[in-house]
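**Student:** make a model of this:
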Amino acid sequence: MPYVTQEQIERAKQMDLLTYLQYYEPHELVRFSGNVYTTRTHDSLKISNGKWNWWSRGIGGRSALDYLIKVRGMTLPEAVLQIDGQAALAPPVSLKKTETEGPRKLLLPEKYENNDRVVNYLLERGIQITLIDYCLDTRRLYESRPYHNAVFIGFDKNGTPKYATLRGTTKRRYIGEANGSDKHFSFSIPSLQKSSKLHLFESAIDLLSYGTLELLSCRDWRGDNCLSLAGIYKPKKNIEESTPPAALMQYLKDFPHISEIVLHLDNDTPGRLAARTIMTLLSPSYAVSNEPPKRGKDMNNYLKIVLGIKLQKEPDHCSH
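**Tutor:** From the prediction side, this is the model:
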């Protein structure tokens, strides 16, 4: 087996798939729409916003290295040498500006004929059927074909889908985003009546867990606005150099009547750091309070403890 250095591996990881195909295999690249591409060999493989997803196989990644290994079946050394050799012959010019031009187009997975597996999955996690039905009825949630992922949709203020996060419902918990997702518009549930309070969570399932706890406590689970972040918020080492989560800032921009923010982030090191950073960065005009789960790692863990559902070790996540 050929030998490659760590430096070669790191260099190969830097090349995204679109750049690789544009420069070295242009015959394989097919424009799907706007800034979304597919490949001539696999038309269900979509490339957009620096990431790729092979929908028919349920795999994806960011780099050309991921593609050569997962799709082409190359070994790591073979893939590294392939990229390294091509780049040595013709170094690519940066295409980042070209890739980011124009509006993003959200590519949602195909819907399955029913939502049974997603409903059962959420019920097993303690989420009340009232909340599940609301999400299904308002098109915030559906079950995808062919992998039966739970698809949580985020809308802009005009009700247009802009973001989708996918959660696997099988034993191996896949976590990913739909191509074209805009992190400014994450999964949220507005208050039934106009409320100045916003509750913030790391995930859609944590948000629904909080709503379930409110419902079980005989409180109005839609009394306030609720927003989930598009993944774990990772501030810079120097907190003052960080910027608040894009989804939070967009929500505050779209709903300027919000004046109070309650943080329900995870009970772990990243969650505590994220909460501290947000509280530091937000304008003093907002009243920000920190209310992590009373027990357990996150809001869903806490809900399970309250309901007496046995906590199981989370399976490995397949994140693309």
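
**Student:** okay, helices next: where are they in the stretch 1-150 of the chain?
**Tutor:** With helices called from DSSP state H, counting those that start in this stretch, the stretch 1-150 of the chain shows them at 6-13, 17-24, 64-70, 76-89, 96-100, 116-124, 129-137.

**Student:** lowest average pLDDT across these?
**Tutor:** Lowest mean pLDDT of the helices of the stretch 1-150 of the chain: helix 96-100, a mean of 44.

**Student:** hmm, back to that, for Asn300, which of the helices of the stretch 1-150 of the chain is the nearest?
**Tutor:** Closest to Asn300 of the helices of the stretch 1-150 of the chain, according to CB to CB: helix 116-124, at 10.0 Å. For the C-beta atoms, the positions are set from N, CA and C on the backbone; glycine is no exception.

**Student:** and the closest one, how far out from the chain middle?
**Tutor:** Mean C-alpha position of helix 116-124 versus that of the full chain (CA atoms, centre = their mean, to the nearest Å) differs by 20 Å.

**Student:** and Ala204, what does it touch?
**Tutor:** The contact partners of Ala204, by CB atoms under 8 Å, 6 or more residues apart in numbering, come to Phe152, Thr165, Arg167, Phe187, Ser228.

**Student:** out of those, grab the one that's most surrounded.
**Tutor:** Greatest neighbour count in those, by other CB atoms under 10 Å, goes to Phe187: 27 neighbours.

**Student:** contact partners for that residue?
**Tutor:** Applying CB under 8 Å, 6+ apart, the residues near Phe187 are Arg140, Phe152, Ile153, Gly154, Tyr163, Thr165, Ala204, Leu207, Leu227, Ser228.

**Student:** ok, Ser44 next?
**Tutor:** Thr38, Trp54, Trp55, Ser56, Arg57.

**Student:** let's see it at 6 Å
**Tutor:** Trp55, Ser56 (CB atoms under 6 Å, 6 or more residues apart in numbering).

**Student:** can you check Leu136 too?
**Tutor:** So Leu136 contacts Asn115 (CB under 6 Å, 6+ apart).

**Student:** what pLDDT is listed against Leu207?
**Tutor:** In this model, Leu207 carries a pLDDT of 98.

**Student:** so where do the helices sit in the stretch 151-300 of the chain?
**Tutor:** With helices called from DSSP H, counting those that start in this stretch, the stretch 151-300 of the chain shows them at 204-216, 246-254, 269-281, 299-307.

**Student:** most tightly packed of the ones you listed?
**Tutor:** Highest mean neighbour count among those (mean count of other CB atoms under 10 Å): helix 204-216, with a mean of 24.

**Student:** extract the residue ranges of this structure that are flagged as low pLDDT.
**Tutor:** Low-confidence segments of the chain (pLDDT under 70): 1-2, 86-104, 171-173, 312-320.

**Student:** state the distance from the closest residue to Ile232 other than its chain neighbours to Lys197.
**Tutor:** Using CB to CB, 6 or more residues apart in numbering and skipping the chain neighbours, the partner closest in space to Ile232 is Pro270 (5.6 Å). Distance of Pro270 to Lys197, computed by CB to CB, to the nearest Å: 25 Å.

**Student:** with Ala150 instead?
**Tutor:** Counting by CB to CB, the gap from Ala150 to Lys197 is 27 Å.
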